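>>> structure here, sequence nowhere to be found:
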């Protein structure tokens, strides 16, 4: 797969953890796994380009995203959807979406799959939020968001 938008992840396959001796690194998933996810979550249509690149480079592990305790993208997608049900919001996201980062069990970052075919906007779902809107746009599209987070780590700042 050619990488056009997330070259920064290729250029920096691992990053030293600020103030520690350990390193963070990315770990990919296969094209076959990506296609299975596309089939299940996007009706067989390809994901937006930046999301495909992200999964291809760092779908199993990504140093700028937290996949929580989940051992696969599929498990993370199912987990976040269970949280929606647990908070009574299971019918609130009516468009196709894909979770890119999870926090605890009550919030996650995601992209809508029917938006920009290159780099969709990143949204945050705050399931515990009683006021509307509980879904908020974070102000970045996916590729600049990943680049910004990576640069933040490269500058020695902690993301978490």
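Structure's in. What do you need? Bear in mind that the values here come from a model prediction, so they are computed numbers and not experimental data. Residues are numbered from 1 along each chain as shown.
>>> show me the helices in the protein, by range?
7-11, 31-41, 49-58, 73-86, 142-154 (DSSP state H).
>>> same for the first one, what does it pack against?
Read that as helix 7-11. helix 49-58, helix 142-154 (3 or more CB pairs under 8 Å, 6 or more residues apart in numbering; DSSP states H and E). Every C-beta, even on glycine, is put in place using the N, C-alpha and C of the backbone.
>>> okay if I get those helices as TSV plus mean neighbour count and distance to residue 16?
What follows is the helices and strands packed on helix 7-11, written out as TSV (neighbours: other CB atoms under 10 Å; distance: least, CB to CB, whole Å):
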stretch	mean neighbour count	distance to residue 16
helix 49-58	24	17
helix 142-154	18	9
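>>> take the ones you listed and write them to CSV, including mean pLDDT and distance to residue 72.
As requested, the helices and strands packed on helix 7-11 are exported to CSV (pLDDT from 0 to 100; distance: least, CB to CB, whole Å):
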stretch, mean pLDDT, distance to residue 72
helix 49-58, 98, 11
helix 142-154, 94, 20
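>>> can you put those helices in a markdown table and add distance to residue 92?
Shown next, in a markdown table, are the helices and strands packed on helix 7-11 (distance: least, CB to CB, whole Å):
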| stretch | distance to residue 92 |
| --- | --- |
| helix 49-58 | 21 |
| helix 142-154 | 22 |
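>>> so for residue 131, which of those sits nearest?
Nearest of the helices and strands packed on helix 7-11 to residue 131, taken as CB to CB: helix 142-154 at 24.5 Å.
>>> residues in contact with the lowest-mean-pLDDT helix or strand in the chain: which ones?
Least confident helix or strand, the chain: strand 14-16 with a mean of 89, by mean pLDDT, DSSP states H and E. Residues outside strand 14-16 that contact it (CB atoms under 8 Å, 6 or more residues apart in numbering): 22, 23, 24, 25, 26, 63, 150, 153, 154.
>>> run the last query once more with 10 Å
Strand 14-16 is contacted from outside by 9, 22, 23, 24, 25, 26, 63, 64, 150, 153, 154, 156, using CB atoms under 10 Å, 6 or more residues apart in numbering.
>>> give me the buried entries from the residues you listed.
9, 24, 26, 63, 64, 150, 153 (16 or more other CB atoms under 10 Å).
>>> that's all I had, so thanks and see you.
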